[in-house]
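Chemist: Sequence and predicted model, in that order:
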Amino acid sequence: MKGNQINGQLVTEKDLLALGYRKYYGKDLDIYYNQAICAHVGNCVRGDSGVFEVGRKPWIIADNGESADHSIAVVDSCPSGALKWVRHDS
């Protein structure tokens with residue numbers, strides 16, 4: 001699933017916030033999470049426990065990953081669409 005799209009359309013911060021996503025700020029990449037649609041599959045935590053760590057507050061730290069591209073790949077692996085991303089340079 002493309003983490004920067006909903007129904008094949010590029011998403012914006014405004015779109016995501018209106019849909020109930022919470023924003024986690026990063027230098028190069030912002031990650032958005034919607035708990036209401038999360039299936040709790042765990043791809044995020046297994047994909048990069050530096051960025052996604054259950055029990056930590058905040059549980060998402062966008063800048064803790066090895067790279068923005070790696071974080072994008074992890075977000076894109078979310079099967080429910082609960083995770084989305086917006087890259088600052090796009």
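Modeler: Cool, got the structure.
Chemist: who does residue 6 bridge with?
Modeler: As for beta bridges, residue 6 partners with residue 9 under DSSP bridges.
Chemist: what about it, how many residues close to it?
Modeler: Neighbour count for residue 6, taken as other C-beta atoms under 10 Å: 15. C-beta here means a position set from N, CA and C on the backbone, and glycine is covered the same way.
Chemist: again, but for residue 71
Modeler: Here the neighbour count serves as a burial measure; for residue 71 (other C-beta under 10 Å) it reads 29.
Chemist: just residue 45 next, same as before
Modeler: Neighbour count for residue 45, taken as other C-beta under 10 Å: 15.
Chemist: That one contacts residue 52, correct?
Modeler: Yes - contact status for residue 45 versus residue 52: in contact at 4.9 Å, counting by C-beta atoms under 8 Å.
Chemist: Sort out which residues of the longest helix along the chain are buried, please.
Modeler: With DSSP state H applied, the helix covering the greatest number of residues in the chain is identified as helix 68-76. Neighbour-count burial for helix 68-76, with 16 or more other C-beta atoms under 10 Å as criterion, is recorded at 68, 71, 72, 74, 75, 76.
Chemist: ok, now stretch 2-14?
Modeler: Counting neighbours by 16+ other C-beta under 10 Å, one finds that the buried residues in stretch 2-14 are 3, 4, 11.
Chemist: again, but for stretch 45-56
Modeler: Within stretch 45-56, the residues scored as buried using 16+ other C-beta under 10 Å are 47, 48, 51, 52, 53.
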